[in-house]
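# with the sequence up front, the predicted model follows.
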Amino acid sequence: MQIIPPAGSILHTDQQTYGIDLVSLEEFEADLPKNLYKIWNRMSSGSYFPPAVRRVDIPKDDGRTRPLGIPTVGDRVAQTVVKLVLKPQIDPIFHPNSYGYRPGKSAIDAVQQLAC
């Protein structure tokens, strides 16, 4: 459970976003030990299932909208923990020419690599 509190501190943002449970970051932090324990308990037992995301339609410049899914604060903590644990283990096994969703690499880099 030592890795979870730093994950919670990563979630601070300037914008107030609520997941489907309508629990704010401040409300989550008001009972932080209990909320973190529930996440840790479910993740460590293999019984964690992410809750549904809240759909918000974001306006685009052309007048249309695009859907955006907003996870709950608890799920954002769980996702951050998984990333913090798995990233150091998985990054070394990626092929150097793997560009999909890789930090510091883009589709433009992939095209430039092919052009060389």
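Received, thanks. Numbering: from 1, shown residues only.

# got the residue ranges for the strands in this protein?
54-59, 65-70 (DSSP state E).

# measure how the lengthiest helix in the chain sits relative to strand 65-70, angle-wise.
As assigned by DSSP state H, the longest helix anywhere in the chain is helix 73-90. Interaxial angle, helix 73-90 versus strand 65-70 (axes from the mean of the first three to the mean of the last three Cα atoms, to 10 degrees): 80 degrees.

# still on that earlier bit, mind putting the strands of the chain into JSON lines with mean pLDDT?
Formatted as JSON lines, the strands of the chain follow (pLDDT from 0 to 100):
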{"stretch": "strand 54-59", "mean pLDDT": "94"}
{"stretch": "strand 65-70", "mean pLDDT": "94"}
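
# relative to Glu26, which of these is closest?
Of all the strands of the chain, the one in closest proximity to Glu26, counting by Cβ to Cβ, is strand 65-70 (16.0 Å). No exception for glycine: its C-beta is placed from N, CA and C like everyone else's.
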